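[1] Dropping the sequence and predicted coords here.
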Amino acid sequence: MSTDSVTAIAIDSRMTEAAPLVLDVDGALLRTDLLHESAIAYVKINPLGLIFLVWWLIQGKAVLKRKLAERVRLDIEHLPINTELEAYARLAHDNGRTICLATAADELLAIKLAQRFDFISFVIASNGRRNLKGLAKAFALKEQFPNGFVYAGDSRSDLHVWTAATSIVLAGANSATSRQARALGKPVEADFPRPRLGLRGWVKALRLHQWAKNVLVFMPLVLGGLFTDLTAWTNAALAFLALGILASATYLVNDIWDIEDDRRHWTKRHRPLASGLMTVKQAVIVTPLAFVVSLALGAMVGPAVVAVLLAYLVLTLCYSFGFKRKPVLDAFTLASLFTLRLILGIAAVGVVASPWLLVFSMFLFTSLSFAKRQTEVLRLMEKKQDTGDKIFGRGYFVADAPFILAMGVSCGMASILIMVLYLTQDALLVDFYGNADWLWAIPAILFLWLSRIWMLCQRGELLDDPVVFAMRDPKSLMLCAGLGLFFAMACLGVPY
């Protein structure tokens, strides 16, 4: 549309004399915001596009929305929707009511969205010159529906529209906006509260369960014999907390970047960002704050810890933005991130690390990373049985399954060999073990556990992340307990 006026665009020729139901899109019919989704999609295809985003925004939000709508292709079919409002609108349509979309999003996107729902008859949206929000939307709707309309919205700017409407539908409005809307004195036809993110949602979004991986930070302290050093434990604990906060922030960055791919994934589509339970705005606000807190905690321990945290941050961002789509490099990068956890512990407590330990870590976690990819490939094979199919957001094809299996198992067996060399060349020579012979049980237990992981992987019984699986698997936990027992026996000098 090239004029300043906003015109309703007919999607369905069926009309009715009943009071039309007008649906807002961002935060109401959708559990997300089309502008935010478009901006993410644009930056993914053009990382330097941030400059253009600022320039277009200076010219006005309507211009920004039109420029993005012209340049990106959103996966409309997988955008999270308010299923309750959808069902309500569909029932209203079936009862002879006209359903209209009225959104501040650009009409190019709004029309595509309307085509997803067979009950929508009109689309009224921003047109590149006028941003249809607040008073502008209220005026356009009064002009289009002079005999009155019912409006379903969620934000404070919708108060102007509710003032002009004959009835109100609250679709995801927060408590403050809901109170203000009810205070207008208009009939409230329906109320569909937005699901609260809550503590459980934050825990899931920040993936606090993944903090278990950061226990590796304490390994250099244990292997260095600093069991009774309170300062070492304090520094390691601060490093653990700093890394946990940093990792949670990078998970949010990863989820923002991969939001479209996650919505097509069988498990990741339930993540708070992908499902719309958490908004992109919330994630963008929390992420930089978490970065600052993490680096501040690291600075309390020392500059070496800050340096390792920064290295972890850079490598994680490289993984999220590109490395994860490169076969083999993705698994190597994940293994490097695990090894950086050990290096962080070394920097925190000030011990000299054995090169054997770091090489062992690289081989072990490369194997586990391949196991994660193999699980995804096998799942895709089950669903489509087509060797030409590619994993969403990854660089692997289903035809790569034998290669991934070979790489993963070989890296796992190599890690056991490295562990044996570590024991003979380093650990058994250290004098703080009372009876180092008990350490020989470690490679045996590691062999049993890795064999179990890969066997379950090939059976299709492994979850996406083998480390998370191990934390919930009774047999894996039993093997881990046995490993800890034999290590303690070696330290305490328990005789045969």
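    Thanks, I have the structure now.
[2] where along the stretch 201-350 of the chain do the helices fall?
    219-223, 230-257, 259-263, 272-275, 280-301, 303-321, 329-349 (DSSP state H, counting those that start in this stretch).
[3] Take those and write them to TSV, including distance to Ile111, mean pLDDT and mean neighbour count.
    Every C-beta, even on glycine, is put in place using the N, C-alpha and C of the backbone. Below are the helices of the stretch 201-350 of the chain laid out as TSV (distance: least, Cβ to Cβ, whole Å; pLDDT from 0 to 100; neighbours: other Cβ atoms under 10 Å):
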stretch	distance to Ile111	mean pLDDT	mean neighbour count
helix 219-223	56	86	20
helix 230-257	26	95	20
helix 259-263	20	89	21
helix 272-275	24	93	22
helix 280-301	23	95	16
helix 303-321	31	95	18
helix 329-349	37	95	22
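[4] could those go into JSON lines alongside distance to Phe192?
    Shown next, in JSON lines, are the helices of the stretch 201-350 of the chain (distance: least, Cβ to Cβ, whole Å):
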{"stretch": "helix 219-223", "distance to Phe192": "49"}
{"stretch": "helix 230-257", "distance to Phe192": "25"}
{"stretch": "helix 259-263", "distance to Phe192": "21"}
{"stretch": "helix 272-275", "distance to Phe192": "16"}
{"stretch": "helix 280-301", "distance to Phe192": "20"}
{"stretch": "helix 303-321", "distance to Phe192": "34"}
{"stretch": "helix 329-349", "distance to Phe192": "40"}
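[5] now for these, which one comes closest to Ala481?
    helix 219-223 (15.7 Å; Cβ to Cβ).
[6] Please put the alpha-carbon coordinates of that closest one into CSV.
    In CSV, the C-alpha atoms belonging to helix 219-223 read as follows (Å, rounded to 0.1, in the frame of the first residue of the first chain):
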residue,chain,number,x,y,z
MET,A,219,38.4,-31.6,38.9
PRO,A,220,41.8,-29.8,38.9
LEU,A,221,41.3,-29.0,42.6
VAL,A,222,40.6,-32.7,43.4
LEU,A,223,43.4,-34.1,41.1
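[7] ok, residues contacting it?
    Outside helix 219-223, the residues within contact range by Cβ atoms under 8 Å, 6 or more residues apart in numbering are 227, 229, 232-233, 236, 342, 345-346, 348-349, 351, 353-354, 357, 427.
[8] and which of these is nearest to Ala296?
    Ala348 (15.0 Å).
[9] how far off helix 329-349 does the helix or strand where Phe363 lies point, in degrees?
    Using DSSP states H and E, the element containing Phe363 is helix 355-384. Helix 355-384 and helix 329-349 are oriented at 140 degrees to each other (axes from the mean of the first three to the mean of the last three Cα atoms, to 10 degrees).
[10] Check which residues of helix 355-384 are buried.
    Going by neighbour count (16 or more other Cβ atoms under 10 Å), the buried part of helix 355-384 is 356-381.
[11] tell me the mean pLDDT for it?
    Mean per-residue pLDDT for helix 355-384: 87.
[12] likewise stretch 133-140?
    Across stretch 133-140, the average pLDDT comes to 94.
[13] How far does it sit from its chain's centre?
    Its chain's C-alpha centre and that of stretch 133-140 lie 34 Å apart, by Cα atoms, centre = their mean, to the nearest Å.
[14] So which of the helices of the stretch 201-350 of the chain is nearest Leu34?
    helix 280-301 (10.8 Å).
[15] And the contacts of that closest one?
    With contact meaning Cβ under 8 Å, 6+ apart, helix 280-301 is reached by 32-33, 36-37, 40, 197, 205, 235, 238-239, 241-243, 245-246, 248-249, 252-253, 255-256, 259, 273, 305-306, 308-310, 313, 347-348.
[16] Helices of the stretch 351-496 of the chain, residue ranges please.
    355-384, 401-425, 441-459, 466-472, 474-492.
[17] and the angle from the last one to helix 441-459?
    By that I understand helix 474-492. 170 degrees.
[18] leaving aside the residues next to it on the chain, what's closest to Pro495?
    Asn435 (6.7 Å; Cβ to Cβ, 6 or more residues apart in numbering).
[19] go on, Leu101?
    Val123 (4.8 Å).
[20] One more: Ile111?
    Nearest residue to Ile111, sequence neighbours excluded (Cβ to Cβ, 6+ apart): Val123, at 5.5 Å.
[21] now Leu68
    Closest to Leu68 by Cβ to Cβ, 6+ apart is Ser38, at 3.9 Å.
[22] contacting residues around the one you found?
    Shown in contact with Ser38 (Cβ under 8 Å, 6+ apart): Lys65, Leu68, Ala69, Val72, Leu74, Leu109.
[23] among those, which two are most distant?
    Lys65 and Leu74, at 12.3 Å, using Cβ to Cβ across the contacts of Ser38.
[24] And Leu170, how far from Pro187?
    To Pro187, Leu170 is 12 Å away according to Cβ to Cβ, to the nearest Å.
[25] Look at the two and report which has more neighbours.
    Leu170 (24 against 9; other Cβ atoms under 10 Å).
[26] Backbone dihedrals for Val72, please?
    Backbone torsions of Val72, given as degrees, to the nearest 10, read phi -120, psi 160.
[27] To what extent is the residue lying closest to it once chain neighbours are set aside buried, counted in neighbours?
    Taking Cβ to Cβ, 6+ apart, and ignoring the residues beside it in sequence, Val72 has Ala41 as its nearest neighbour in space, at 4.1 Å. By other Cβ under 10 Å, the residues close to Ala41 number 18.
[28] again, but for Gly198
    Count around Gly198 with other Cβ under 10 Å applied: 10.
[29] mind checking pLDDT for it?
    So Gly198 comes in at 89 (pLDDT).
[30] From Pro272, how far off is it?
    For Gly198, the distance to Pro272 (Cβ to Cβ) stands at 10 Å.
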